[in-house]
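Trainee: Structure for this input, please:
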Amino acid sequence: MKKKENSNTNDLKEMFSAMQELEKSKGIPMEAMLENIKKSIEKACKSNYNNDDVVFAVDVERGVFQAYIQKTVVEEVTDPDREVDEAKGRELDVHAVIGSKVRIPIDTKNLGRISVQNARSVIRQGIRDKEREITLEEFKKKNKEIVTAVVENIDPTTGNASIRIDKSIATLTKAEQVGIAELKEGDSVKVYIADVREQEPGKKGKNKGPRAVISRTCNEFVERLFELEVPEIYDGTVRIMSVAREAGSRTKLAVVSENPDVDSVGACIGARGIRVAKIVEELGGEKIDIIEYKEKPEEFIAAALSPANVVKVEILDEENKSCRVTVPDSQLSLAIGNRGQNARLAARLTGWKVDIRPESGFYGEDEDEKEEDLIEDGENEELLENTEDINDAFSDDDEIIAEEESADEILSNEASEEAETQAEEDVTVSE
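Mentor: Here you go, the predicted structure:
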């Protein structure tokens, strides 16, 4: 008998030890796991004994876990599953009286194979539910923030990485691994939690539980990096007004200072460029243009086209936010950027449709007049023949009305080379 008791005690101690280990590794409180075990035993008792009035005596330190079915003491038994007579009640508890309840110990090993399987199913489901609850809470606390995660493993087929954020797992897709060299298991990586979804549908309509949508390509990732590196942004002295980004290539950032004694652009760059250099390094060499936000659209648009110099900005339609920008011929390629990138980002940053033209260009509203003048003068016939091509090259595609090919027709080789050299700078500042 003692051997059996010792065996049960050892089994319980092993169970409690396993639960404590699970608490450390998964973050599931032992109280929650014990509660699930109790629920499973109650369910098994209802199935086996038609009585789910169960109480428990638990002592983790001593390795005690005992379950009891409670029955009511009555004069005449009508429901043997839930009642006992006074004589039987006194055998179980000397203090038993009519109307009181007595406890009958349950040997959980006698609950039956099906009941045990059901109990295990309830326990597992309870643990899964608690894991999901903890995961959801962890993700919610970090929503819209940058976190440092650890790479658990990498899918060799897709390149997607499973990363651990505290005690929860999320997926960093290959497309979101911008600015990161080849990932390896155990690497630390910064990611931005863009959204938290409580119910992520799985296959056959099954719920996969909560999921964090993590990103390194969104604009907010760059904003949070600047908050981490620039104290003036963190405390609100400098505000980020807008961000335009083509992840892995270039970002434009518009900032403004709430304190006239603080230079917003200088604060973001830092002494000898140390602050912005750290962000560029985190982004894998992505170029960053930091400009000062201006209230006047003309000034803001001109600054947004940095590093190109702007001759003038004409507002064409204030309601629909469209404008025409004139730049020196030698700056056209620089203003447009590689494959139109600089102009495209400027349009996104400002929210204006930008039509860029060279200072000597002949297109737009003045095209007909200029054509007549040129025909009368008998000069620039070659340019007139190409006017239609130039107009096509600067047509509006919702954001940008400029293509780099038209710049090649206007600029000399020497001017193009100079523009490309300037455009390769990592950080450009325009005030």
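
Trainee: Distance-wise, check residue 278 relative to residue 284.
Mentor: Counting by Cβ to Cβ, to the nearest Å, the gap from residue 278 to residue 284 is 12 Å. In short, each C-beta sits where N, CA and C put it, glycine included.

Trainee: next one: residue 132
Mentor: Distance from residue 132 to residue 284, counting by Cβ to Cβ: 34 Å.

Trainee: Compare those two and say which one has the larger neighbour count.
Mentor: Ranked by neighbour count (other Cβ atoms under 10 Å), residue 132 and residue 284 place residue 132 first, with 17 against 14.

Trainee: doesn't residue 209 make contact with the more buried one?
Mentor: Yes. Between residue 132 and residue 209 there is a contact under Cβ atoms under 8 Å: 4.1 Å.

Trainee: so residue 69 makes contact with residue 48?
Mentor: No. Counting by Cβ under 8 Å, residue 48 is not a contact partner of residue 69; they are 9.8 Å apart.

Trainee: For these two, work out which one has more neighbours and name it.
Mentor: residue 69 (22 against 15).

Trainee: Next, the closest residue to the more buried one other than its chain neighbours: secondary structure please.
Mentor: The spatially closest residue to residue 69, leaving aside those adjacent along the chain, is residue 104, at 4.9 Å (Cβ to Cβ, 6 or more residues apart in numbering). Following DSSP: H, G, I helix; E, B strand; the rest coil, residue 104 is assigned to strand.

Trainee: Residue 104 and residue 251, how far apart?
Mentor: Here residue 104 is placed at a distance of 71 Å from residue 251 (Cβ to Cβ).

Trainee: which one of the two has more residues nearby?
Mentor: Taking neighbours as other Cβ under 10 Å, residue 104 and residue 251 compare with residue 251 leading, 24 against 14.

Trainee: so the more buried one touches residue 222, yeah?
Mentor: Yes. Residue 251 lies in contact with residue 222 (Cβ under 8 Å); the separation is 5.5 Å.

Trainee: Mind listing the shared neighbours of these two?
Mentor: Counting by Cβ atoms under 8 Å, 6 or more residues apart in numbering, the contacts common to residue 251 and residue 222 are 243, 245, 283, 288.

Trainee: Please, where are all the helices along the stretch 51-200 of the chain?
Mentor: Counting by DSSP state H, counting those that start in this stretch, the stretch 51-200 of the chain has helices at residues 86-92, 113-141.

Trainee: Kindly reformat the ones you listed as JSON lines containing mean pLDDT and distance to residue 306.
Mentor: Shown next, in JSON lines, are the helices of the stretch 51-200 of the chain (pLDDT from 0 to 100; distance: least, Cβ to Cβ, whole Å):
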{"stretch": "helix 86-92", "mean pLDDT": "89", "distance to residue 306": "88"}
{"stretch": "helix 113-141", "mean pLDDT": "73", "distance to residue 306": "38"}
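
Trainee: quick one: which of these is nearest residue 355?
Mentor: In terms of Cβ to Cβ, the element of the helices of the stretch 51-200 of the chain nearest to residue 355 is helix 113-141, at 44.1 Å.

Trainee: now this structure, which segments are flagged as low pLDDT?
Mentor: Scanning the chain for pLDDT under 70 picks out the ranges 1-12, 108-120, 122-123, 199-208, 361-431.

Trainee: Pop the domain breakdown of it in here.
Mentor: 2-128, 146-215, 218-293, 296-431 (automatic domain parsing).

Trainee: Throw the ones you listed into TSV and include distance to residue 139, thanks.
Mentor: Below are these laid out as TSV (distance: least, Cβ to Cβ, whole Å):
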stretch	distance to residue 139
domain 2-128	13
domain 146-215	4
domain 218-293	16
domain 296-431	29
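
Trainee: nearest residue to residue 125 other than its sequence neighbours?
Mentor: Nearest residue to residue 125, sequence neighbours excluded (Cβ to Cβ, 6+ apart): residue 36, at 7.9 Å.

Trainee: Buried residues, the host helix or strand of the one you found. List them.
Mentor: Assigned by DSSP states H and E, residue 36 belongs to helix 30-49. Judged by neighbour count using 16 or more other Cβ atoms under 10 Å, the buried positions of helix 30-49 are 32-34, 36-45, 49.

Trainee: now do stretch 218-238
Mentor: So for stretch 218-238, counting by 16+ other Cβ under 10 Å, buried means 218-230, 232-233, 237-238.

Trainee: next one: stretch 333-346
Mentor: Buried, per 16+ other Cβ under 10 Å, within stretch 333-346: 333, 334, 335, 336, 337, 340, 341, 342, 343, 344, 345, 346.

Trainee: measure residue 298 to residue 266 for me?
Mentor: Separation of residue 298 from residue 266 (Cβ to Cβ) stands at 24 Å.

Trainee: now what about stretch 213-220, what contacts it?
Mentor: Contacts of stretch 213-220 (Cβ under 8 Å, 6+ apart): 144, 149, 163, 170-172, 175-180, 190-197, 221, 243-245, 247-248.

Trainee: Just the residues you listed: which are in strands?
Mentor: Applying DSSP state E to those, the entries found in strands are 149, 163, 170-172, 190-197, 243-245.

Trainee: So how do I select the buried members of the residues you listed in ChimeraX?
Mentor: In ChimeraX, a selection of the buried entries from these looks like this (16+ other Cβ under 10 Å):
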select :149,163,170,172,190,191,192,193,194,196,243,244,245
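
Trainee: Pull the distance from stretch 238-253 to the chain's centre.
Mentor: Its chain's C-alpha centre and that of stretch 238-253 lie 17 Å apart, by Cα atoms, centre = their mean, to the nearest Å.

Trainee: From start to finish, how long is that stretch in a straight line?
Mentor: One end of stretch 238-253 sits 12 Å from the other (Cα to Cα, to the nearest Å).

Trainee: All further residue positions should be reported with the first residue as 823.
Mentor: Understood, numbering begins at 823; the last thing we discussed is stretch 1060-1075.

Trainee: Beta-bridge partners for residue 1110, please?
Mentor: Listed by DSSP bridges, the beta-bridge partners for residue 1110 are residue 1073, residue 1249.

Trainee: I'd guessed it sits against residue 1071; true?
Mentor: No. Using Cβ under 8 Å, residue 1110 is not in contact with residue 1071; the gap is 10.7 Å.
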